[in-house]
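> Give me the fold of what follows.
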Amino acid sequence: MAGRIPDSFIETLNDRVNIVDVISARVPLKKSGREYHGKCPFHDDSSPSFSVNPDKQVYHCFGCGASGGLITFVMEFDKIDFVSAIESLASLAGLEVPTETMDQEAGHRQALYALIKDADLAFRKALKSHPDREKAVNYLKARGLTGTIAHRFGLGYAPRGWSFLIDHLGGNTTAKKQLLECGLTASNQQGREYDRFRERIMFPIRDIRGRTIAFGGRVLDDSKPKYLNSPETKLFHKSETLYGLYEARQACRSLDRVLVVEGYMDVVSVYASGIKNVIANSGTALTEKQISLIWKFFHNPIICLDGDESGQNAALRIGERLFPLINERNKIYFSILPDGKDPDDFVKQNGKDGMIKFLKKKEIIQSFIWNRYLSKIDKQDPYEISKFEKEIKKLSYTIHDETLKKYV
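Residues are numbered from 1 along each chain as shown. Below is the predicted model:
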């Protein structure tokens, strides 16, 4: 392999691959609290002295002192070199290892991160001091959000006009090009550039390290579209990103469950009520990559959707798509709200305790799909019952876990 593997790719591997999954495929582990324990594979261990911490992505043996991270473990256990370990983990994550030196590309990505950070700060400052901010502040107050919550999620404001960010950050040709690359500006048919986000509340979307990689913007009236999201960029891929994951991880490292909702405001409102283990799949239906990312930190996600017909249909489609991925450690639950309610509405009317009580009625994915399929047939018609059985079996056969497949 020519050239040095860039640090950014190693960071991506650590983000994508759960150290517990890698080690448990080689060493039997049992969960104890937030850690996993087993007998050390690096010495003759008579009692479990080997510990794996998924939050820190590290392992440690209290017997022989062996310790390290994801790549070190693969190197030591599989007796392979650094590059081979990277290739093994990349294959597991479905990634292609860079084949040549990419320092220049890594530097370019860092420049984009820095620019988005500057835009984030500009939006936050605008919410605090821009002459045009009163409508935005009043909107947030009307939604019941405090300054503390706005600060926690880094909420900002994109003022009226076409060039707020261009004026602040687009001081040269390179900066203007980077604003386009980050999806913060767009250009019309005449090639004239303008701010993508205007007169909107700004929700910064952060990666698991807390770096802002994109934005969602909400209008202050009934204009359309109500929400405008950043487009796909080098830093932001909707199908692989979850809004609020960084905040949930900071607040709820000891919890094994998480509430998955649909929108930015749902996350912020539920979090404000005191339920801090809440995230959203904003901008796309929940994907296989997103559920895999969730399972890296929370093994029992509860997908909470609106109770209207479209919400229930969406839940069923999500269930069918994710069903093949479940196993004995990673589960999925569903909780469908009453018709006409979204999580923001429900938690405002019922509070934290009401939401927690409602979520106790959650259905595991197997039961959820079974009941939805069953509700669509005439239970007195043998032909429909036969069709129902075939559909359930067909779906069950898609489960990747061969042992679980036998009992679902």
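> Now do the strands in the stretch 51-200 of the chain.
Using DSSP state E, counting those that start in this stretch, the strands of the stretch 51-200 of the chain run over 58-61, 67-69, 156-158, 185-187, 193-195, 200-206.
> Between these, which one is closest to Pro231.
Counting by CB to CB, Pro231 lies closest to strand 185-187 out of the strands of the stretch 51-200 of the chain; the figure is 8.5 Å. Using the backbone N, CA and C atoms, a C-beta is placed for each residue, glycine as well.
> quick one: buried residues of that closest one?
Buried residues in strand 185-187, defined by neighbour count with 16 or more other CB atoms under 10 Å: Thr185.
> same question, stretch 172-187
Neighbour-count burial for stretch 172-187, with 16+ other CB under 10 Å as criterion, is recorded at Ala175, Lys176, Gln178, Leu179, Glu181, Cys182, Gly183, Leu184, Thr185.
> I'd like those residues laid out as JSON lines, including pLDDT.
Supplementary listing: the buried residues of stretch 172-187 in JSON lines, determined by pLDDT from 0 to 100:
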{"residue": "Ala175", "pLDDT": "93"}
{"residue": "Lys176", "pLDDT": "94"}
{"residue": "Gln178", "pLDDT": "95"}
{"residue": "Leu179", "pLDDT": "96"}
{"residue": "Glu181", "pLDDT": "96"}
{"residue": "Cys182", "pLDDT": "96"}
{"residue": "Gly183", "pLDDT": "96"}
{"residue": "Leu184", "pLDDT": "97"}
{"residue": "Thr185", "pLDDT": "97"}
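> Among those, which pair sits farthest apart?
Set against one another by CB to CB, these have their most distant pair in Ala175 and Gly183, with a gap of 14.5 Å.
> Three-state assignment for Phe346, please.
helix (DSSP: H, G, I helix; E, B strand; the rest coil).
> Highest mean neighbour count out of the strands of the stretch 51-200 of the chain?
Mean neighbour count, computed with mean count of other CB atoms under 10 Å, is highest for strand 156-158 among the strands of the stretch 51-200 of the chain, reaching a mean of 27.
> Sheet partners, orientation included, of that one?
Strand 156-158 has these partner strands in its sheet, going by DSSP bridges: strand 200-206 (antiparallel).
> mean confidence for stretch 385-405?
Taken as a whole, stretch 385-405 has an average pLDDT of 89.
> So what would you say the end-to-end distance of it is?
21 Å (CA to CA, to the nearest Å).
> now stretch 75-88
Terminal residues of stretch 75-88 are spaced 10 Å apart (CA to CA).
> Same question for that stretch: list its buried residues.
Buried positions in stretch 75-88, judged by neighbour count with 16+ other CB under 10 Å: Met75, Phe77, Ala85, Ile86, Glu87, Ser88.
> what's near enough to touch the third one?
In other words, Ala85. Taking CB atoms under 8 Å, 6 or more residues apart in numbering as the definition of contact, the neighbours of Ala85 are Ile71, Val74, Met75, Asp78.
> which regions of this structure sit below the pLDDT cut-off?
Judged by pLDDT under 70, the chain has its weakly predicted residues at 1-3, 99-104.
> Give me the distance between the most centrally placed residue in it and Phe164.
Among the residues of the chain, Leu242 comes closest to the average C-alpha position under CA atoms, centre = their mean, at 2.4 Å. Summarising the geometry, the distance separating Leu242 from Phe164, computed by CB to CB, to the nearest Å, is 28 Å.
> Packing partners of the biggest helix by length in the chain?
The helix of greatest length in the chain, counted in residues with DSSP state H as the criterion, is given as helix 103-129. Helix 103-129 makes packing contacts with helix 7-16, strand 156-158, helix 164-169, helix 173-181, strand 200-206, strand 212-219 when contacts are defined by 3 or more CB pairs under 8 Å, 6 or more residues apart in numbering; DSSP states H and E.
> Kindly tell me how buried the nearest residue to Pro54 once chain neighbours are set aside is, as a neighbour count.
If the residues on either side of it in the chain are set aside, Pro54 comes closest to Val20, at 4.8 Å by CB to CB, 6 or more residues apart in numbering. Neighbours of Val20 under the rule other CB atoms under 10 Å: 20.
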